[in-house]
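*Asks:* sequence and predicted structure are below.
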Amino acid sequence: MKQIYYTLRSLSQNKAATTIKVLSLTLGLGMSIILFAGIAYTLSYNKCLRDYDSIYQLMMQFETAGKKSDITRQCYGKLAGSLYEELPDVIESAVAMRDLGNCFDMADGRNLPYFTTAADSLFFETMGINVISGNPRLDLQQNDVIYVSTRMVDEVFHGENPVGTQLIRGNDKATIKGVFEALPANCDITCDIVLSLPSLLNRGIGYFGWDGGSGWTEFVRLKDKDIDPERLHALINQVTERHAPPADDNSCETFAISIRDSILKNSDLRRQLMILGALALALFLITALNYALMSISTLSKRAKAIGVHKCCGADSNKIFGMFVLETVTITLIALLLMGIMWWLFNDTISELTGNPLTEMLNADRAWVIVAVALMMVAVGAVIPGRLFARVPVSQVFRRFSERNNGWKRVLLFIELVGVSFVFAWLCATSLQYRHLRTADKGYDSDLLVQVENMTMDISPEAAYNFIRSHQAVEGIASSYSCPAFGYSGEYIRDDNGNIIFSSRTDDCSPNYVEVMGMTLLAGRAPQQEGEAIVNQEFLRKSGLPENTSPTAGEGLFTNAERGRVRITGIVKDFNIGGFYDEQEPIIMHYIGNPASPFTVRLKRPVNESIKLLNESLSDYMGNDGFWILQVSELGANGYSSIKIMIFIFSLAIIIIVIITSMGMIGFINDEIQRKSKEIAIRKINGATAREVVELLCSNMLKTAVPAVAIGTLAAWFFQRAWFSQYSTVVSGIGLWYVAIALLLIIVVIAVVALMTQRIAKENPVTSLRNE
C-alpha cells in the first residue's frame, strides 16, 4: 500500500510531466492498438463460417499461346457442380454464385441498399451459414425466391417476419421464403439477400457452361479437411480436363484454396498488411521508447527523492517496483482516455479504416489491447526502472548528474529512425498518388461522366437524345464499358484458327473516340458491322508495325471471336483499369444503336455541368431512374486503398511528431542542464552565443544524421516492392527521398537552436551559481 501511496503522490506532484506522458500514451498506443486490431480483424476473415477449415474456394488459371494469366476467382459455371457429382467421396457440397450488387427495391419503389448474391440450393450448406427459417435446399431450386439476412429483417422489417413479402428487381418480382443469420464484415460473403440461381439462368442471364463465361464465384466443402493438397489438386483437375480438355494453344488449371488462407493469396492485401504492421510497430516503439526517454530525462530531478526513499529503508527492488507501478497507472489512465476517444470518434474511425471499430475491438480481439498494454509496461518501465533503482543513497546530500547519457541517445536515435521512416513513406506515397491521379491516361477523364438509364419506361434512344440536346453536354457516345472500369476479353486468332493472344474488347459508336478525347493515329472510326478500331498494343501483339495504315490496299483484317473483322482505325494507347498493369491490347467493334451506359462529354465548368445534368435527369427519369458517375472519380476509386493509407500515415505522423517532440524537448533540456557548467566555462573563456548553439547542434547532429539516413533508406528499400505494382512511377523519386531526409535534419537542428538560445545568452555566473 505504501508503494501505491508514494506512486500516486509522485504523479500528483509532477502534474505537467504526468499529463505529457498520459497524452503521448493515449495518442500513440490508441493509434497502434487500432492498427494491430485492424490487422487481427483482417486475418480473422471467414472464421465466422461454420467449420470454415473445410471450405475451399475454387480458382482458375488460363494459358493462351504459352502465356499464363493470373490466378482468378472467376470460374466456369459448371465447375463446382461437376466436382460435387463426380467426386462424392471428397466433396460434401458445392456452390456456384454471382454477385448482383444492390438490385432490389421494395414494392413501393424504395431502393434497398443491400448486396445481393445469386446462388444455388447448396449455398447455405456449403458456406456454413445458419438458416433461421426456410428450406433452402428446396426453395433455391425455384424461380424468383429470395432469402434475407437477420440484419435486413431488423433494419427494414423492424423485426417482423418478412416471409411472403415480395421485392422488385427491374420488371421481375421475387418472394422472400426464408431468413439467414447475418454475417460480419470480415467475411468474403457480404450479401444480405440471396436470390435463387434459376432466377437468372431461366432468363438467359449469365452463361453457365464449360466453354466460356468464366464469371462465377465457386466454393466446395470437403468431407475430410485434412486431405492431401496434392491429391485434391489432381482430382479436381482430372474433372476439369474431362469437361474442358486442353488444346494446343490454350488450357486451364483449377486450384482449391482454403478460405482460411484465401485472404492472404491477395498480394495487394498482403503488402498492405505488412505496411500497416510496420507502421503499428514503429508507432508503438516510438511511444514506448519516448516514454522511457522522458522518464530518464527526469532522473537528475528525481534522484534526491529516490535517495530519501532508500534512507527510509526502500531497497532497489522496491524502487523498481514503484516505477513499474507508476507506468502501469499512467498506462491505465491512457487506456481509459483511449476508450473515450474511440467512443467519440467511432463512426469516423470506422469510415476511414473501412472496418467497423466495434468489431475490430470486440471481445475476440481484446487480447490486442492487453498485449499492447503489457508490452508498453515491459518496454517503458524496465529500462528507466533499472536506472532509477541504481541511484545511490548519497544523492540525498549532493546534486545528481548522470554522466552516462548513452541510453538517452539510443532511445532518441530509435525515435528519429521511426519518424524519418514514416515521414518518408508518407511523402513518397502522396507523391505517387498525385502522379497516378494526374498522369496522362490517353483520354479526357476530367470532362467525362457515365450515365446509366435505369428505368424501363424510357428507351435508350429517347434517353440518348435527351442527354445529347442538354445545354451542359458537349457530346455523347455509346459503349458497353469504360477504360476506368476495365473490359472483358476475347481471343484473337490467325487465319488457321490458332489463338495468337487475348485482347480486351468493347463495342462503341462511331463518335466514341472523339467524345472520349482519344487520339486517332490513322484511319477512321468503325461505321458498320464487321468494322473495328484497335490500339497500338494490338498491332504489336499482332506482329504488325505501328506505322501500319488501316486504309492501305485491301485494308487490315483480324479474326476475332465474332468472326473476321476489318480494322478501320488505330487509336493511341490509353490506360485501361488503372496504372497497375502493362498496356493491354483492345479492339472496339462497331455499335449502331444507342446503348446504356452512355459516355457523356461535358462543357466547362464540369461541376456546374454535372449539377445541371443531374437536375434535368431527375426531372426526366426520376431520382431512382438513372445514375451518373464521373470517370475521373471511377479511376480514383481504383486507388482508394492508397488514399486510406495516406490518411493513416498522415494521422500517424502527426501523433509521432507530437510524441517525439515531447521526448526530444526533454532530452535537449536535460543535455542543456548537464552541460551548463561546461557552457559557462566556455563563455568565460570567450565563446560567443553562436558558438554555444553550434556546439549543441553539432552534438545533436551526431545522433540525427545517421538516424534520419537509416529511416529514409529503410522507407526507400521497403517501398520499392510497393512501387513495383504500378506501371508508372513518379519521376525522380530517389531525389525526393534525399530532400525528405534533408528537411527532417533541418527541422531537428532548428528545434535545438531555438531551445538553446536561452542558455547560450545566459550569464555564465548564474549557471555556475546554480551548480
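*Replies:* Thanks, I have the structure now.

*Asks:* check contacts around the closest residue in space to residue 509 that isn't next to it in sequence.
*Replies:* With sequence-adjacent residues excluded and distances taken as Cβ to Cβ, 6 or more residues apart in numbering, residue 509 is closest to residue 478, at 4.3 Å. For every residue, glycine as well, the C-beta is placed using N, CA and C. The contact partners of residue 478, taken as Cβ atoms under 8 Å, 6 or more residues apart in numbering, are 464, 507, 508, 509, 512, 591, 593, 594, 595, 596, 598, 599.

*Asks:* ok, 7 Å please
*Replies:* 508, 509, 591, 594, 595, 598 (Cβ atoms under 7 Å, 6 or more residues apart in numbering).

*Asks:* next: residue 165.
*Replies:* residue 176.

*Asks:* quick revisit: what strand or helix carries the residue nearest to residue 509?
*Replies:* Using DSSP states H and E, residue 478 sits in strand 473-478.

*Asks:* picking up where we left off before, just the contacts of residue 478 now: which is nearest residue 443?
*Replies:* residue 508 (12.2 Å; Cβ to Cβ).

*Asks:* show me the beta-bridge partners of that closest one.
*Replies:* For residue 508, the beta-bridge partners are residue 479, residue 590 (DSSP bridges).

*Asks:* is it true that it touches residue 587?
*Replies:* No. Here residue 508 does not reach residue 587: they are 10.3 Å apart, not a contact under Cβ atoms under 7 Å.

*Asks:* wait, residue 617 touches residue 627, no?
*Replies:* No. Checked against Cβ under 7 Å, the pair residue 617 and residue 627 is beyond contact range at 9.4 Å.

*Asks:* looking at these two, which one has more neighbours?
*Replies:* residue 617 (21 against 12; other Cβ atoms under 10 Å).

*Asks:* show me what contacts that one?
*Replies:* 626, 628.

*Asks:* is it fair to say it lies in a helix?
*Replies:* Yes. Per DSSP: H, G, I helix; E, B strand; the rest coil, residue 617 lies within a helix segment.

*Asks:* hey, where'd the strands end up in the stretch 151-300 of the chain?
*Replies:* Taking DSSP state E, counting those that start in this stretch as the test, the strands found in the stretch 151-300 of the chain are 166-169, 172-180, 193-196, 217-222, 250-258.

*Asks:* tell me what the last one is packed against?
*Replies:* It refers to strand 250-258. strand 55-64, helix 229-243 (3 or more Cβ pairs under 7 Å, 6 or more residues apart in numbering; DSSP states H and E).

*Asks:* least reliable of these going by mean pLDDT?
*Replies:* Lowest mean pLDDT of the helices and strands packed on strand 250-258: strand 55-64, a mean of 88.

*Asks:* which other residues reach it?
*Replies:* 49, 68-69, 71-73, 75, 79-80, 127-128, 214, 218-222, 249-259, 262, 491, 499, 501-502.

*Asks:* just the buried residues of those.
*Replies:* 49, 73, 75, 79-80, 127-128, 214, 218-222, 249-259, 262, 491, 499, 501-502 (16 or more other Cβ atoms under 10 Å).

*Asks:* can you tell me which residue is nearest the centre of the chain?
*Replies:* residue 641 (3.4 Å; Cα atoms, centre = their mean).

*Asks:* find the nearest non-adjacent residue to it, please.
*Replies:* Residue 641 sits nearest to residue 272 (Cβ to Cβ, 6+ apart), 6.4 Å away.

*Asks:* state the pLDDT value of the one you found.
*Replies:* Taking residue 272 on its own, its pLDDT is 81.

*Asks:* so how far is residue 360 from it?
*Replies:* Separation of residue 272 from residue 360 (Cβ to Cβ, to the nearest Å): 15 Å.
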